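Novice: Just need the structure, nothing else, for what follows:
(one chain, ligands or ions: 1)
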Amino acid sequence: MVSISERTCSVCKTKKPKGKLVRWVIIEGKPKLDAKKILSGRGYYCCKKHKGNIDKFIKIKKIKK
Ligand SMILES: [Zn+2]
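Specialist: Down below sits the predicted model:
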């Protein structure tokens, strides 16, 4: 059995294999692309196509610090 770890996109709620998503970490209230998946903190997986929407997404979430 092949296990593919799936993550849900935080923006559009679509389930996708981890490799198809990019991880964003909120650092000091700002989204930072965690390309190497090494940053600690609250991470969000999103489709690559949402790159331009991350700021908006963060505001909707009302994430502070
Ligand atoms: Zn998405």
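Novice: Show me what counts as buried in the worst-scoring helix or strand of the chain on mean pLDDT.
Specialist: Here the helix or strand of the chain ranked lowest by mean pLDDT, DSSP states H and E is helix 54-61, holding a mean of 79. By 16 or more other Cβ atoms under 10 Å, the buried positions in helix 54-61 come out as 54, 57-58. All C-beta spots, glycine's among them, are computed from the backbone N, C-alpha and C.
Novice: Work out the gap between it and the centre of the chain.
Specialist: Helix 54-61 has its C-alpha centroid displaced from the chain centroid by 11 Å (Cα atoms, centre = their mean, to the nearest Å).
Novice: With the ion in mind, check whether it reaches it.
Specialist: No: using Cβ under 5 Å from the ion, helix 54-61 stays clear of the ion, coming no nearer than 9.6 Å.
Novice: and that helix, what does it pack onto?
Specialist: Here helix 54-61 touches strand 30-33, strand 43-47, going by 3 or more Cβ pairs under 8 Å, 6 or more residues apart in numbering; DSSP states H and E.
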